[in-house]
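Trainee: Everything below, folded, please.
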Amino acid sequence: MNARLLAGVATRITPTFDHHLALHGPLESRDDLIDELERAGLRGRGGAAFPTGAKLRAVAQTGGRPVVVANAVEGEPVSGKDRALLRVAPHLVLDGAVAASRVLGARDALVAIADRTGRERAIVEAAIAQRGRHDGRVKLRTAAVQHRFVAGEETALVRALGGRDAKPSLKPPYPFERGLDGAPTLVANAETLAHLALIARFGAAWFRSAGMAESPGTALATVGGAVAQPGVHEIELGTTLDRVLEQAGGATEQVQAILVGGYFGRWVSPANGRELRLTPDVLGAGAIVVLPAGVCAVAECARVLAYLADESAGQCGPCVHGLRAIADTMSAPGASDRRRRLEQLVGLVDGRGACRHPDGAAGFLRSALHVFAADFAAHAKRGRCNGRNVSVLPLPPRQRR
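Mentor: Below you'll find the model as predicted:
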């Protein structure tokens with residue numbers, strides 16, 4: 001497969017606007033862009049996998065002067081794909097924001113970046129300067145928001161950009177109805193907009209020439225853990241998990257399990273994951289972590305669940321109390337009834353929160369209880385398993401335990 005988003009990366013040329021145009025050609029305005037996106041079948045790459053064409057059409061139908069937001073906050077600790085994209089192909093993201101703005105009639109487009117990622121913001125600012133602060137009738141700018149797990153959720157991001165806490169809000173209204181400063185707002189993941197920019201140039205048929213009929217195109221995946229070549233890889237959708245691990249150089253140790261989709265994803269065993277086909281629904285936040293054998297999976301999951309509890313938006317009981325109860329139960333030494341208690345707690349929080357934060361944590365835990373059943377049984381019987389208590393799954397520095 002020829003790289004699309006990462007085309008030209010191997011040249012190690014600084015991503016100037018001239019180099020970008022030489023690689024991809026100019027971006028022309030397309031009045032039929034929304035129709036073309038629907039024909040292409042592009043779905044969001046930020047985790048929700050919502051059809052991109054339908055999202056733009058919803059904004060277009062609201063009337064008023066909309067705003068376009070490129071969501072590059074990437075609060076998921078396992079993922080680095082959006083930051084990598086901003087480093088090596090910032091103009092593709094900006095092209096996507098401009099193309100979406102043109103077809104929607106937006107005059108303002110901004111790239112939202114976590115406040116910890118100063119390098120990426122500087123690169124995007126330089127890219128904006130190269131093409132002019134105003135790209136035609138579209139004003140481009142960046143904005144830094146608080147680095148939090150929930151900050152990338154679209155309503156939380158809109159609140160943060162408006163100067164409030166980065167917390168999800170109740171819907172409706174949705175951002176496409178009333179978003180930043182009360183205007184209809186398109187919030188699209190940075191990678192999604194990069195794909196949009198290529199579809200605007202080359203069309204739906206070209207986009208669908210990679211991937212599967214029901215999941216066309218390529219995607220970026222951050223592959224980490226026990227692999228020879230960790231980092232961001234571009235894959236064809238529909239590729240098997242085994243093939244992606246081969247693309248990352250293969251496993252460096254015996255594999256215990258694989259986390260697919262980040263901390264709102266799920267654990268799969270090596271046997272069950274071998275032929276798992278990666279679609280936007282499966283990839284989630286676009287993150288894959290290989291957990292080596294000999295590591296205490298219970299301790300690893302306990303660290304993540306404590307982090308997710310700390311990252312609660314603090315707006316509802318299932319998130320505030322439910323996730324804390326899960327984290328405390330996970331960390332309780334030698335709890336003989338831990339599994340039964342955790343299964344009860346999963347049932348109490350799943351689907352009952354004000355946003356998807358407790359649902360994601362519940363899904364992560366539910367898959368862990370299944371895949372690591374033997375480890376949980378060993379902890380119940382002996383207070384521990386035979387695994388080493390080391391840190392494999394990444395967490396932000398302030399959350400390391």
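
Trainee: Just the CA trace of stretch 207-214, in PDB.
Mentor: Extracted in PDB, the C-alpha atoms of stretch 207-214 (Å, rounded to 0.1, in the frame of the first residue of the first chain):
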ATOM      1  CA  PHE A 207     -10.300   7.100  -1.600                       C
ATOM      2  CA  ARG A 208     -12.300   3.800  -1.900                       C
ATOM      3  CA  SER A 209      -9.400   2.100  -3.800                       C
ATOM      4  CA  ALA A 210      -7.900   1.300  -0.500                       C
ATOM      5  CA  GLY A 211      -9.500  -0.600   2.400                       C
ATOM      6  CA  MET A 212     -12.800  -2.500   2.300                       C
ATOM      7  CA  ALA A 213     -16.100  -1.700   0.700                       C
ATOM      8  CA  GLU A 214     -17.800  -1.100   4.000                       C
END
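
Trainee: Now it: average pLDDT?
Mentor: Averaging pLDDT along stretch 207-214 gives 96.

Trainee: What are the boundaries of the helices in the stretch 101-250 of the chain?
Mentor: For the stretch 101-250 of the chain, helices defined by DSSP state H, counting those that start in this stretch occupy the ranges 118-131, 154-161, 190-208, 241-247.

Trainee: Would you list the strands that the next helix or strand after the last one pairs with, along with their directions?
Mentor: This points to helix 241-247. The first helix or strand that comes after helix 241-247 along the chain, using DSSP states H and E, is strand 255-260. In the sheet, strand 255-260 lines up against strand 266-268 (antiparallel), strand 287-292 (antiparallel) (DSSP bridges).

Trainee: How about residues contacting the last one?
Mentor: By CB atoms under 8 Å, 6 or more residues apart in numbering, the residues outside strand 287-292 that reach it are 76, 78-79, 81, 221-227, 241, 244-245, 251-262, 265, 297, 300, 392-393. Backbone N, C-alpha and C define where each C-beta goes, glycine included.

Trainee: Any of those residues buried? List them.
Mentor: Using 16 or more other CB atoms under 10 Å as the burial test, the contacts of strand 287-292 include 76, 78-79, 81, 221-227, 241, 244-245, 251, 255-262, 265, 297, 300, 392-393 as buried.

Trainee: Helices of the stretch 301-401 of the chain, start to end?
Mentor: Counting by DSSP H, counting those that start in this stretch, the helices of the stretch 301-401 of the chain are 317, 323-331, 338-349, 357-371, 373-382.

Trainee: Report how many residues lie close to A194.
Mentor: Using other CB atoms under 10 Å, A194 has 29 other residues around it.

Trainee: cool, the one 5 residues further on as well?
Mentor: Per other CB under 10 Å, the neighbour tally for I199 reads 26.

Trainee: Ok, D359 next?
Mentor: 17.

Trainee: And the average pLDDT for stretch 162-172 is what?
Mentor: Mean predicted lDDT for stretch 162-172 stands at 89.

Trainee: Buried ones in it, by neighbour count?
Mentor: Applying 16+ other CB under 10 Å to stretch 162-172 flags A166, K167, P168, S169 as buried.

Trainee: Could I get the contacting residues of the last one?
Mentor: The reference is to S169. Applying CB under 8 Å, 6+ apart, the residues near S169 are T155, A156, V158, R159.
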